[in-house]
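> Just the structure for this:
(chains A and B)
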There are 2 protein chains.
Amino acid sequence: MDINIKTALISVYHKENIDNIVKHLTNLAIKIISTGGTKEYIEKLGYEVTSVESLTNYPSLFNGRIKTLHPSIMGGILFNRDEINDLEESKQYQISQIDLVIVDLYPFEQTLKQTQNADEIIEKIDIGGISLIRAAAKNYKHVLVIPSENEYKFLIDLLVNKNGISSISDRKYMASKAFEITTNYDRIIYQYFNELPLVNIPTSPITQLRYGENPHQKAWYIGNFDNIFDKIQGQDISYNNLLDIDASINLIQEFDEPTIAILKHNNACGVASSSNIILAWHKALEADPISAFGGIIVSNLCITEELAVEINKLFFEILIAPSFENQSLKILSSKQKRIILKQKAFPPEIYSIKTALNGVLIQEKDLHKINSNTFKVVTEKHPSIEETEDLIFANKIVKHTKSNAIVITKNKQLLGSGTGQTSRIDAVKNAIEKAHKFNFNLSGAVLASDAFFPFSDSIELAYNAGITSFIQPGGSIRDSESINFCNQKKLSMIFSNFRHFKH
Amino acid sequence: MDINIKTALISVYHKENIDNIVKHLTNLAIKIISTGGTKEYIEKLGYEVTSVESLTNYPSLFNGRIKTLHPSIMGGILFNRDEINDLEESKQYQISQIDLVIVDLYPFEQTLKQTQNADEIIEKIDIGGISLIRAAAKNYKHVLVIPSENEYKFLIDLLVNKNGISSISDRKYMASKAFEITTNYDRIIYQYFNELPLVNIPTSPITQLRYGENPHQKAWYIGNFDNIFDKIQGQDISYNNLLDIDASINLIQEFDEPTIAILKHNNACGVASSSNIILAWHKALEADPISAFGGIIVSNLCITEELAVEINKLFFEILIAPSFENQSLKILSSKQKRIILKQKAFPPEIYSIKTALNGVLIQEKDLHKINSNTFKVVTEKHPSIEETEDLIFANKIVKHTKSNAIVITKNKQLLGSGTGQTSRIDAVKNAIEKAHKFNFNLSGAVLASDAFFPFSDSIELAYNAGITSFIQPGGSIRDSESINFCNQKKLSMIFSNFRHFKH
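Here you go, the predicted structure:
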C-alpha cells in the first residue's frame, strides 16, 4: 500500500543535510514535529515546526534523556491504522499519527574512540532515538523510518521524485535497515560493557551465493565487495572464489617489488618478485604450472598488453591487479567466464572471526610484517645479502601458507612449498620434492618455516638438497641442535621471533 | 555504590517464577509497579501492586503496544540521581524513581519458528520491553535491570541473601547482559527482515585466550565450552587447541564402530575403526607416529585402563572421549599439563561463519553423511563388501581433511593422506609416499578424493601403488577417462555425488 506522508518527526544528532530535507517536506506541506536542538535548528532556517513538548505537555526532561518517550509520540508512530479500536483510542487520547520518523542516533562508537570517560560514554547511549526507530520499523506497514543520515539520500529521492509517497517495499526496506542499525548500535555497547575489542561484523549488503564450499551447502557473503574491487568481467563469484581472493590480496600486499602470485585452495603455488613484471610472471608460473591450471593470479602492478598476452596462455579462474591497460582487457576478454578484478583498496581488517565449538573465535589478524630489525642471526655464518633478501621473501610467503608450512625460495622465486602438513619433516620433504619435480636446483636456495623445528632432521634434509640458509621463529627446547647442525655444515640461520601458524 | 531497592517495575511475557520474585520483593517491602497481564497475575497471587496506568494517567493503549512509554515510567528509570537538576525535575513532574526493572521480552525468535504469519510475527517485536531494558541498563549506576528470565536466579539470590542491596558491579554486570540481550534480539529481527537464516552468534560467556594462532595476536573465545565438555585436567586451552578440538569432534562423530583419531593442525594423521578399541588405537597411531607426537587424540568409546596404559606411552596434548574409567584417569594424570576432555554433547551447529574481504561468509556446515543409497558404482567392476566399507570409511575422513585432500585406507585404517595441496596429483603422491614411509603395503587399499579427478593420472599413480578401488564425487568433463582407466585395469570406482571441499 502506498502512503502519503502528512506528518514527520525529526530527531537527529547530526544536523547536516536536515535543511534540505526540511525544505522538501515543507514543499509537500508535510507537518514537521521536532524537539530540542533539531527544533531550534529548523526554526532558525525559517521553517514551521511543531514542538514535541507541545504534544506531550512535558518539557525535555533530565538533560534531554526524556523527550519523545510519551504516548502522544510513541503512540502516534505505533498505533495500527487498520484497527478500528486503535483509531478510536488515538482520537480519544488526541494522539495524531506520525507517518515519517527521521532519526540520527547519538554517536556512541565515535565517542568511544574519543574519550575514556565512562559518564560521557554512557550519556551517549541513545534511548529515545532507538525507541523511535524500532517503533517506526515495527509499524512499517504504515510508517516510513529513516534510521540514519546514510538514508537521507533515499528520503530526498522519495520526496523529490515520488511526491513523498512511499510503497510498502520502501518502508519494509527501511525497517530492515532500522534493525540493522539497532543491532550494530547495541553490539558496540555490548562490546564496550564486556571489554571486547570493537570488532566490526558487517551486516550489509547481503549477497546470497550460488552455494558454499560445496554445492550442497547454502551460503551468503555479507560485505561490500565493490569497496575493494571493480569487477571488470567474469562469472558470478563463488564462496571458494571469495576465500581465494581474500588469501591472494593478503599475500600480495606483503611485496613492494613487482610481484605475481598464483594460488590454489588458498595456498600459493607460485610467487616471484623481479624488477620486471613479465619475468615475475614466468618465474611464478614455473614454480608449479600444473597447480596453476585453473588458479587465481594476483599482480601488484598493472597488467600490460605484453603481460596479458602471456597470462592469456594459461587457463585461470581469477586475475586480480591494481590496473589494466585497455589493450590487455581486450586480450583477456577472449574468455568471458574468467573473473577479472581491479583491486581498489586493501581491506583494513584488524580482526578475524570464525565459528568453532558452538561459539566464535575472534583474533587479531596476523599483521606482523617482517623487518630485519627484529630478527636475529643465530649461527656463526651470516646469510649473504642475497640470502637475507630471499629469507625475507620466503617468510612472507610462509606466513600466508596453511600450517604446517615450509617454503623454499631462490632469487625471489618460490621453488617449492610443503602445505597443510601434520608433521614438519613431511612439509620439508614435500617442499623439496616439489621443487625437484619442476627441475629446480636447490643449491644455494633458502628455506622458511612457519614455526620452529622440533628436531634438526628437517635442517639435515634441506642441507642434503643444497639449501644453505634458514629462517624460523625459534623457540624449541632443541633449538641448539638445529643451530649446531648449521654451524657444523657452515649454514646460516635467522630467528624471526614471530611464529606464523595459519589454519 | 550499593543501592537498596525501594521500587520495582515488572513487565514480563512469561509469568513463570514471578510468584517467587514477588514474594521476596514483598518481604523486603519493595513497592511493585506493573502493567496488564503481569499486574493481574500478581494481584491474583494476593500481593499489592501499583498499576503503571495509575502513574501515567493513560490506559494500556493500542492493544498493548503503548503501556510504559511515558515520562513517569521511563523518567523514573532514567533520571540521574546525582544531578540536582534531575532530582528537582522528578519532584516537579511527580516522577518517582524506579530502582529495579524486571523484563522478559516478547518471544520473537520462538514466534518465528511457530508461524509464517507476518502480522503475528511483527506483533511480537517488543518495543516497550526493549526501551525499559535499555533505559535501566544505561542508568546502571542507579538502577538494577533483570533483562530476561534467565537472570531471575541472580535476582532471587540478591533478594534473599543480600537484602536486595545491589553493588555497582552487580548492576554493571546486568547492564552488560541487557545489551547482550537487545543485540541478539534485534539481530534476529534483522535476519528475519533480510531473509537470512537465523544464525546463532554466541555473545557469552567471553573468555580471553592467552593469544590467537600466534603469540603476537590477541584472541577471544565466545561460547560455552562447558556445555560440550567436562575439562578433567590440563593447562589452559589455547586458540589452536580450540580449532583442533572442533576438528576432532566433527571427525569422530562420523563413526559408529569403536574408533580413534589423532589430529595435528586440524587434519587427521591417524584414524582407525575396529571391533576392539585397543586395536583401533594401535592402528591409528601406526598411520603416522611422528605426526602423532604432541597431537590431539579423540575416541568415541570409554578410555579403559588398558587403553590408558597404551595412550600414556605417547606424548600428546589433548585427549577427548565420552567417558573414562577412574583407573585410566590416574594413569593419564601422570602428566598434569595434558588436556583431558570428557565430551558431553556434539554441538548442534548448522552454520559456519568466517570473516573475509571486509565481510563475513556464512554457510551451512557440510553435514552430508555418506550413505550407500546415494552413491553409484560407475565402473564395470563393483567394489567388494570390504572395499565398499573402506571407501565409506575413507570418504568420512577426506570430508574432514583440508583441500585438496586424498585419503588412502585399508581395513578401516588410515594409511596415508595428502592434505592441503594445490594440485590433486600432489595430494595423491603425498598420500602414497606417506603410506610407504610407514611401511604399508597398498595392495588392495582404497582411495577417497574430496573432489573430482581432473585427469586419469591420479588413478594411474594409485593403481601403480596397488590401490584397487576409488570414491570421488565425479563431475569432471573428463570423468570418462578415469572410468575407462579403471575398466581397463579392472578397478572399481564409486561416484559419491557429494564434493567435500574444506579450507
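> Next one: the residue lying farthest from the centre of chain A relative to residue B:303, how far apart?
Distance from the C-alpha centroid of chain A peaks at residue A:92, with 52.1 Å (C-alpha atoms, centre = their mean). Going from residue A:92 to residue B:303 by C-beta to C-beta, to the nearest Å gives 72 Å. Any C-beta I mention is one placed from the backbone N, CA and C, and that applies to glycine too.
> Close to chain B: what parts of the stretch 251-400 of chain A are there?
For the stretch 251-400 of chain A, the contact set with chain B under C-beta under 8 Å from any C-beta of the partner chain comprises A:263-269, A:288, A:290-291, A:293, A:295, A:347-349, A:351-366, A:368.
> residue ranges for the helices of the stretch 301-450 of chain A, please.
Using DSSP state H, counting those that start in this stretch, the helices of the stretch 301-450 of chain A run over A:305-311, A:326-332, A:385-399, A:424-437.
> So what touches the first one?
So the one you mean is helix A:305-311. A:277-278, A:281-282, A:297, A:299, A:303, A:319, A:324-325, A:327-329, A:331-332 (C-beta atoms under 8 Å, 6 or more residues apart in numbering or on different chains).
> Tell me which residue in the stretch 201-350 of chain A sits closest to chain B.
Residue of the stretch 201-350 of chain A nearest chain B, by C-beta to the nearest C-beta: residue A:223 (1.6 Å).
> so that residue sits right up against residue B:362, yeah?
No - the criterion here is C-beta atoms under 8 Å, and residue A:223 misses it with residue B:362 at 10.7 Å.
> can you put the helices of the stretch 301-450 of chain A in TSV and add mean pLDDT and distance to residue B:132?
Formatted as TSV, these follow (pLDDT from 0 to 100; distance: least, C-beta to C-beta, whole Å):
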stretch	mean pLDDT	distance to residue B:132
helix A:305-311	98	62
helix A:326-332	97	59
helix A:385-399	98	50
helix A:424-437	97	58
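> Among those, which comes closest to residue A:102?
Of all these, helix A:326-332 sits nearest to residue A:102, with 44.1 Å by C-beta to C-beta.
> Would you mind giving me the PyMOL syntax to select the buried ones in the residues of the stretch 251-400 of chain A next to chain B?
In PyMOL, a selection of the buried entries from these looks like this (16 or more other C-beta atoms under 10 Å in any protein chain shown):
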select buried, chain A and resi 263+264+265+266+267+268+269+288+290+291+293+295+347+349+351+352+353+354+355+356+357+358+359+360+361+362+363+364+366+368
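> Among the residues of the stretch 251-400 of chain A next to chain B, which ones are in strands?
A:263-264, A:267-269, A:295, A:351-356, A:359-364 (DSSP state E).
> Closest residue of the stretch 351-500 of chain A to chain B?
Counting by C-beta to the nearest C-beta, the stretch 351-500 of chain A gets nearest to chain B through residue A:359 (1.6 Å).
> That residue against residue B:227, yeah?
No - Residue A:359 is beyond contact range of residue B:227, at 9.5 Å (criterion: C-beta under 8 Å).
> what does the stretch 1-150 of chain A put close to chain B?
Checking the stretch 1-150 of chain A against chain B by C-beta under 8 Å from any C-beta, the hits are A:56, A:58, A:61-63, A:65-66, A:69-71, A:74-75, A:78-80, A:83, A:85-86, A:89-90, A:93, A:95, A:122, A:125, A:127, A:130-131, A:134-135, A:137-138, A:141.
> Please indicate which of those are buried?
Buried, going by 16+ other C-beta under 10 Å: A:56, A:58, A:61-62, A:65-66, A:69-71, A:74-75, A:78-80, A:86, A:89-90, A:93, A:95, A:122, A:125, A:127, A:130-131, A:134-135, A:137-138, A:141, out of the residues of the stretch 1-150 of chain A next to chain B.
> Just the C-alphas of stretch A:375-391, formatted as PDB.
Extracted in PDB, the C-alpha atoms of stretch A:375-391 (Å, rounded to 0.1, in the frame of the first residue of the first chain):
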ATOM      1  CA  PHE A 375      65.300 -10.800  13.600                       C
ATOM      2  CA  LYS A 376      68.500 -12.300  14.800                       C
ATOM      3  CA  VAL A 377      71.200 -14.400  13.100                       C
ATOM      4  CA  VAL A 378      71.800 -17.300  15.500                       C
ATOM      5  CA  THR A 379      74.600 -19.100  13.500                       C
ATOM      6  CA  GLU A 380      78.300 -18.400  13.200                       C
ATOM      7  CA  LYS A 381      77.800 -17.800   9.500                       C
ATOM      8  CA  HIS A 382      75.600 -14.900   8.500                       C
ATOM      9  CA  PRO A 383      73.400 -15.100   5.400                       C
ATOM     10  CA  SER A 384      74.600 -13.200   2.400                       C
ATOM     11  CA  ILE A 385      72.700 -10.100   1.300                       C
ATOM     12  CA  GLU A 386      71.000 -12.200  -1.400                       C
ATOM     13  CA  GLU A 387      70.200 -15.000   1.000                       C
ATOM     14  CA  THR A 388      68.800 -12.400   3.500                       C
ATOM     15  CA  GLU A 389      66.500 -11.000   0.800                       C
ATOM     16  CA  ASP A 390      65.400 -14.500  -0.100                       C
ATOM     17  CA  LEU A 391      64.800 -15.400   3.500                       C
END
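> for it, the distance to its chain's centre please.
In terms of C-alpha atoms, centre = their mean, to the nearest Å, the gap separating the centre of stretch A:375-391 from the centre of its chain is 36 Å.
> and if you look at stretch A:485-494?
Using C-alpha atoms, centre = their mean, the offset of stretch A:485-494 from its chain centre is 42 Å.
> Can you give me the buried ones in it?
For stretch A:485-494, the neighbour count (16+ other C-beta under 10 Å) marks A:485, A:486, A:487, A:491, A:492, A:493, A:494 as buried.
> try stretch A:174-185
Neighbour count says stretch A:174-185 has A:174, A:175, A:176, A:177, A:178, A:179, A:180, A:181, A:182, A:183, A:184, A:185 buried, by 16+ other C-beta under 10 Å.
> Likewise for stretch A:23-37?
A:24, A:25, A:26, A:30, A:31, A:32, A:33, A:34, A:35.
> now do stretch A:5-14
Neighbour-count burial for stretch A:5-14 flags A:5, A:7, A:8, A:9, A:10, A:11, A:12, A:13 (criterion: 16+ other C-beta under 10 Å).
> Keep only those of the buried residues of stretch A:485-494 that are in helices.
A:485, A:486, A:487 (DSSP state H).
> Which helix in chain A has the most residues?
Per DSSP H, chain A has its longest helix at helix A:168-193.
> quick one: residue A:30 from residue A:144, how far?
Distance from residue A:30 to residue A:144, by C-beta to C-beta: 11 Å.
> and for the two, which residues touch both?
In terms of C-beta under 8 Å, 6+ apart, residue A:30 and residue A:144 are both contacted by the residues A:5, A:100.
> roughly how far is the host helix or strand of residue A:232 from the heart of the chain?
Residue A:232 belongs to strand A:229-233 when elements are defined using DSSP states H and E. In terms of C-alpha atoms, centre = their mean, the centre of strand A:229-233 is found 17 Å from the chain centre.
> for that strand, which positions count as buried?
Buried, per 16+ other C-beta under 10 Å, within strand A:229-233: A:229, A:232.
> Out of the buried residues of stretch A:5-14, which comes closest to residue A:500?
Residue A:500 lies nearest to residue A:13 out of these, by C-beta to C-beta, at 43.5 Å.
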